[in-house]
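> I would like the atomic coordinates for the input below:
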Amino acid sequence: MPEGEGKELTFMEHLTELLSRLRTILYALIISTIAVMVVPISLDLSSLSASNPWYQTISSFVIRKLQMDFLPVDVELLPISWFAPLEVYIYVSIMLGAAISSPVIMYEAYKFINPALHHHERRLVYAFVISFTGLFIFGFTLGYVLIIPATIRAMVLFTKMLGLPTTYGFSDFFSIVMMTLLLSGFIFTFPTYVVLLVKAGIITTEQIKKSRKYIYAGAIVLIAIIDPEPSLVTEATCIIPIIVLMEASILIGRRFEKQREKAEEQ
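The predicted structure is shown next:
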């Protein structure tokens, strides 16, 4: 039996392995979420008092930062319910936890398909985690700089066109901002999934080439849903790097296919 190849696992063994990986991901998400909820931004706690026992955490800092960066001056946020601030705090913390633990998600996904890879391919796990992290940061940054501001402008413009007051729910604002940022980050990590699936032999580069026009069309629709701005500037700005990344992932995947074919021949 070639090095790096073991006996085929049964369905129950695959299921047990999957549950183990998901449990690790869940632990990473919980730990990251709790950390951003309780870790202080500054170690200077001299301002604390009995009347104000609260200090600024990572989550509270992010909440204030999002309002400063994205909330227009003529827009007012209203906490519709008593629990809206707490809901926002927990929601933002979970989204931040998901962003922080995203490298762990990629690592566990890679290790799950590890038995399907050759020995020399398994050593590339850190390259995949680094690539995933870099692409996530790129997508997150693009969402922060371009997609979110355009989305907020479009929503406010539509509200004014209808003659409605620019007053929105406290929870709705942060839900839109955080979910859009997280989606923007994960959308641009797709090349790592493509290459990973090609390396595992689950899909081929030829299959990707035949269906990429549908992939591009779906990406445009998804971006349009995330950002409803009618000018299409955001869609054009986002789809160009998506196309470049897809073509690059096909080239990288084809390279791994050739290596696998050569190894099987030997």
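
> could you pull out the helices for the chain?
Secondary structure of the chain (DSSP state H): helices located at 11-38, 58-70, 84-100, 102-112, 119-122, 125-142, 148-161, 170-187, 190-199, 205-226, 233-265.

> what angle do the last one and helix 205-226 make?
Read that as helix 233-265. Helix 233-265 runs at 160 degrees relative to helix 205-226, counting by axes from the mean of the first three to the mean of the last three Cα atoms, to 10 degrees.

> in stretch 165-175, what counts as buried?
168, 170-171, 173-175 (16 or more other Cβ atoms under 10 Å). (Each C-beta comes from the backbone N, C-alpha and C, glycine too.)

> distance from that stretch to the middle of the chain?
Mean C-alpha position of stretch 165-175 versus that of the full chain (Cα atoms, centre = their mean, to the nearest Å) differs by 23 Å.

> quick one: low-confidence parts of this structure?
1-11, 14, 43-53, 113-124, 226-235, 266 (pLDDT under 70).

> possible to save the buried residues of stretch 165-175 as CSV with distance to residue 247?
As requested, these are arranged in CSV below (distance: Cβ to Cβ, whole Å):
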residue, distance to residue 247
168, 40
170, 42
171, 40
173, 37
174, 36
175, 34
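
> what's the closest of the helices of the chain to residue 77?
helix 170-187 (4.8 Å; Cβ to Cβ).

> quick one: distance of that closest one to the chain centre.
That offset, for helix 170-187, works out to 10 Å (Cα atoms, centre = their mean).

> packing partners for that helix?
helix 58-70, strand 76-78, helix 84-100, helix 125-142, helix 148-161, helix 205-226 (3 or more Cβ pairs under 8 Å, 6 or more residues apart in numbering; DSSP states H and E).

> and those as JSON lines, adding distance to residue 199?
Output for those, formatted as JSON lines (distance: least, Cβ to Cβ, whole Å):
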{"stretch": "helix 58-70", "distance to residue 199": "36"}
{"stretch": "strand 76-78", "distance to residue 199": "46"}
{"stretch": "helix 84-100", "distance to residue 199": "25"}
{"stretch": "helix 125-142", "distance to residue 199": "9"}
{"stretch": "helix 148-161", "distance to residue 199": "34"}
{"stretch": "helix 205-226", "distance to residue 199": "11"}
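
> got the ones you listed as a markdown table, with distance to residue 247 and mean neighbour count columns?
Formatted as a markdown table, the helices and strands packed on helix 170-187 follow (distance: least, Cβ to Cβ, whole Å; neighbours: other Cβ atoms under 10 Å):
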| stretch | distance to residue 247 | mean neighbour count |
| --- | --- | --- |
| helix 58-70 | 32 | 16 |
| strand 76-78 | 42 | 14 |
| helix 84-100 | 27 | 18 |
| helix 125-142 | 15 | 17 |
| helix 148-161 | 26 | 16 |
| helix 205-226 | 8 | 14 |
